[in-house]
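Visitor: A predicted structure for the sequence below; I have some questions about it.
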Amino acid sequence: MEIALMDNLWVILGTVLVFLMLGGFILLEAGSTRMKNAGHIAGKTIFTAGIGSLVFWAVGFGFIYGEGNWFIGLSGFFYGDASFGGEGLSPAVDFMFQMMFALVAMTIAFGGFAERAKLSSYVIFAILFSAIIYPVIAHWIWGGGWLADHGKQDFAGSTVVHLTGAMAALAATIVLKPRIGKYNKDGSSNDIVGHNQVYTALGVLLLWVGWFGFNGASTFAVADAFFGFVILNTQLAAAAGAIAAMFVAWVLTGKADVPTTLNGALAGLVAITAPAGFVEPWAAVIIGLIGGVIVVYSMKMFDKAKIDDPIFALSVHGTVGVWGTLANGLFAVPAFSSDIGWGLPGLFYGGGFSQLGVQIMGVVASGLYAFVVSFVILKIMDKVMGGIRVTEEEEIVGLDLSEHGGYGYPENIHHPDESKGAIWNSN
Amino acid sequence: MLDRYTEMKQWRKNKMETVSANPFTLNEWHDEIIRITVKRALDQVQSERGAPPAPFVFFLMGSGGRFEQGIWSDQDHGLIFHGGPHCQDYFLTLGKEIAVGLDLVGYELCDGNVMASNPMWCQSIHGWKQQISDWLTEASWTSLRYFSTFFDSRGLIGDNRFLHDLKDHSFSMIHDHPELFLRFIDNVDLIKKGIGVFGQFLPEFRGEQSGQINIKQTTFFPYVNALRLLALKEKIYVPSTLSRFQKIKHLYPYIHSFEPYFIQLLYFRLHFQQNARSYQQVHFISLDDLSKKDKKELKWLMRKGHDLFSETKKIIEDGCSRW
């Protein structure tokens, strides 16, 4: 009983840590974009978390874990269960932890909306993403769906959370088209630099710490203190990712630029999310290093393809999410996979290509589903709502003013005390 | 008058093709056009305001001063007059007429306003001396930049002795404050890297110049800055990098051994400037336009420039440590 309570306590601590990652995203996204959109970016993260929570409660959790078929769960809607059998996790604790993952995936998806989407499009997409995109993939892999039957390994969500979010973001960037001023007539691209690198760095650090809960609490238990090992792997991969990306940026451009370094740390974290509980620490370092290298080239690739990705969500969560998932098929050790009945060991541990094949199948199927469904939804929204992008004027003025009527940095706008006729002291 | 300037522009355009293969012919040609334009501007001002109230020298700076202009170039010029402050108004009018004229002829106005139409660059000898002293004593990066710009100067019309006088004044100031050499080094030490750690080119990564190398900053500047530093040390009055190479020939034979690379660079740059349509484009070479051999040559010239600058830095720093 005591152990079970500790399990519950640990997972609820993980819940808190993962929810705080939204704070990390607020700082990361606000810092990586322009001042005129800062308040909007922070605010929309909070209200979409509200929408996502209610939708997940109403239908999301049921679609994932309810009794259903290979494709989707179909029970447990409007979840509410105070029972606790004395073993394992209390249903409410489990529910809360799962909900946080759905919110993180949704926040990643909104990275593709940054600086040009209408507020109303966030509202509608938050509902649909939390109801029919994320839960379906989560059901396939974690909820006993068809990929789970194949032994697909995804410890904490490289595919379920990160790739799903990133594919929705990709659909959004394609439907929304690049921001004004991003590309020149001759096809060359301009840097639209973020307004606060300190915010971005603090955002990354907050995410990094939150990831200890994201991966660590995905053990769902404290037995054997295995979570410590998972967190060790997480730390090593993030560290390696940051260093690798900084080095690659320096080699390629002659300058170790800060945003790339920060994306490297995130890439290490995303990459280790699937293999965190399956691999040895040395492999975690390699996985993080490769994640850090891949993210830089991926950023360049999307830029060349004229896909404007303001917060680099596609590269950090998408491309690297794929790598992290595949890394399992290479580095998973028998002790943490076949020996405990979760898939097979990786290619380098005598597992042959079987697990790698399953991982590839998982990535392709999940990626395609998330992209196609998001794309269709966004296209329909675009038609029905008269466009999901703000007008040119609104984009130039900034979403703080155009969508919210306020301003993230009010010191920069007209003050009432400068108005003619304002009184100095009402006394 | 306007017609005469546009007429000159047409003449410049027509003849450019025949002179643009050789950097020396090209620069003689630039000198000729600028000289005629300045004379026309002077005629114009004389016809409106009478003869100049004092003797003066009109001089070129920057690439024009160094006799190193490419096909397109912007304006960098100044004026020194031997007279009281009341003369300044006349010469500023002349400076403005020159700037307008040169612009019409095809030399863009200087972004940094380094033109004889700006009171800062159009002064009496006394005013200039004061300004040079201020530049050299002020703890500012910009003022040292101004001084370097001024130092690469060459009289085009008027009495050259005025410019010589100012350089004398500069040399004696620097002689009294040898610590200035370290500041001169600092001022030009940050060179935009053209080659990465693995020997690959580092072109521009953003904007309309993506994929192009800024040949001025990555390749040209190390040579020019190195020889300017040595000219300051050895009290050399001539502004062109090649003449400076000649002057230090016996003092620093190793440095002199880099001269052929600089000549090679002048030809290389000119060859790839032929397609540039504006001053904005002239400093950039698209990597796509370079053959394998060209790329090798450019990297070699970059490396040599880098070596030359490092060697020069050592010479200057060694000199400083003895003071």
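Guide: All right, it came through fine. Numbering: from 1, shown residues only, chains lettered A, B, ... in the order given.
Visitor: and B:Leu156, what element?
Guide: Per DSSP states H and E, B:Leu156 falls inside strand B:154-158.
Visitor: then that strand to PDB, C-alphas only?
Guide: Extracted in PDB, the C-alpha atoms of strand B:154-158 (Å, rounded to 0.1, in the frame of the first residue of the first chain):
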ATOM      1  CA  ARG B 154      44.600  61.200 -51.900                       C
ATOM      2  CA  GLY B 155      44.300  64.800 -53.200                       C
ATOM      3  CA  LEU B 156      42.500  64.900 -56.600                       C
ATOM      4  CA  ILE B 157      42.200  68.700 -57.200                       C
ATOM      5  CA  GLY B 158      43.900  71.500 -55.500                       C
END
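Visitor: Report how many residues lie close to residue 33.
Guide: Using chain A here. The number of residues packed near A:Thr33 is 27, by other CB atoms under 10 Å in any protein chain shown. To be clear about C-beta, it is placed using only N, CA and C from the backbone, and glycine gets the same treatment.
Visitor: could you do chain B instead?
Guide: Counted with other CB under 10 Å, the neighbours of B:Ile33 add up to 19.
Visitor: right, and it touches B:Lys13 too?
Guide: No - with contact defined as CB atoms under 8 Å, B:Ile33 does not count as touching B:Lys13 (10.8 Å).
Visitor: how about the nearest residue to the residue nearest the centre of chain B, chain neighbours excluded?
Guide: The centroid of chain B falls nearest to B:Gly62 when counting by CA atoms, centre = their mean (1.7 Å). Leaving aside its sequence neighbours, B:Gly62 sits nearest to B:Asp76 (CB to CB, 6 or more residues apart in numbering or on different chains; 3.4 Å).
Visitor: Which residues lie in contact with the one you found in this structure?
Guide: For B:Asp76, the contact set (CB atoms under 8 Å, 6 or more residues apart in numbering or on different chains) comprises B:60-65, B:110, B:114-115, B:149.
Visitor: Just send those back as TSV, with secondary structure and pLDDT too.
Guide: As requested, those are exported to TSV (DSSP: H, G, I helix; E, B strand; the rest coil; pLDDT from 0 to 100):
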residue	secondary structure	pLDDT
B:Leu60	strand	96
B:Met61	coil	95
B:Gly62	helix	91
B:Ser63	helix	90
B:Gly64	helix	91
B:Gly65	helix	93
B:Cys110	coil	87
B:Val114	coil	94
B:Met115	coil	95
B:Thr149	helix	94
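Visitor: Present these as CSV; the columns should include distance to B:Lys167.
Guide: Formatted as CSV, the contacts of B:Asp76 follow (distance: CB to CB, whole Å):
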residue, distance to B:Lys167
B:Leu60, 14
B:Met61, 12
B:Gly62, 16
B:Ser63, 19
B:Gly64, 17
B:Gly65, 12
B:Cys110, 21
B:Val114, 17
B:Met115, 20
B:Thr149, 13
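Visitor: Which of those sits closest to A:Gly228?
Guide: Within the contacts of B:Asp76, distances to A:Gly228 taken as CB to CB reach their minimum at B:Thr149, with 62.7 Å.
Visitor: ok, and the closest non-adjacent residue to that closest one?
Guide: In space, and not counting its chain neighbours, B:Thr149 is closest to B:Met61: 5.3 Å by CB to CB, 6+ apart.
Visitor: my guess is that neighbour meets B:Ser153, correct?
Guide: Yes - using CB under 8 Å, B:Met61 makes contact with B:Ser153 at a distance of 4.8 Å.
Visitor: what sits in contact with each of the two?
Guide: In contact with both B:Met61 and B:Ser153: B:Gly78, using CB under 8 Å, 6+ apart.
Visitor: Run through the chain and note the low-pLDDT ranges.
Guide: With no chain named, the answer covers chain A. Counting by pLDDT under 70, the ranges of chain A that qualify are A:1, A:412-427.
Visitor: Please refer instead to chain B.
Guide: Applying pLDDT under 70 to chain B flags the ranges B:1-3, B:277, B:322-323.
Visitor: residues from it in reach of chain A?
Guide: Residues of chain B found near chain A (CB under 8 Å from any CB of the partner chain) are B:193, B:196-198, B:202, B:205-211.
Visitor: can you count the residues close to the closest residue to B:Lys13 other than its chain neighbours?
Guide: Leaving aside its chain neighbours, B:Lys13 sits nearest to B:Gly106 (7.4 Å; criterion: CB to CB, 6+ apart). Neighbour count for B:Gly106, taken as other CB under 10 Å: 19.
Visitor: Check A:Ala274 too.
Guide: By other CB under 10 Å, 37 other residues sit near A:Ala274.
Visitor: Repeat that for B:Ala99.
Guide: B:Ala99 has 21 neighbours, counted by other CB under 10 Å.
Visitor: which residues touch it?
Guide: B:75, B:109, B:115-117.
Visitor: Sort out for me which of the residues you listed are in helices.
Guide: Among the contacts of B:Ala99, no residue falls in helices (DSSP state H).
Visitor: Please pick the buried ones from these.
Guide: Neighbour-count burial (16 or more other CB atoms under 10 Å in any protein chain shown) is assigned, among the contacts of B:Ala99, to B:75, B:115-117.
Visitor: Name the nearest of the residues you listed relative to chain A.
Guide: Lowest distance from chain A to the buried ones among the contacts of B:Ala99 (CB to the nearest CB) belongs to B:Gln75, with 27.6 Å.
Visitor: And for residue 180, the neighbour number?
Guide: Went with chain A since none was named. Using other CB under 10 Å, A:Ile180 is surrounded by 12 other residues.
Visitor: Switch to chain B, please.
Guide: Neighbourhood size, B:Leu180 [other CB under 10 Å]: 20.
Visitor: Of all the residues in the top helix by length along chain B, which ones are buried?
Guide: In chain B, assigned by DSSP H, the helix with the most residues is helix B:292-322. Using 16+ other CB under 10 Å as the test for burial, helix B:292-322 gives B:298-299, B:301-306, B:308-309, B:311-313, B:315-316.
Visitor: Could you do stretch A:3-16 as well?
Guide: Residues of stretch A:3-16 classed as buried: A:4, A:7-8, A:10-12, A:14-15 (neighbour count, 16+ other CB under 10 Å).
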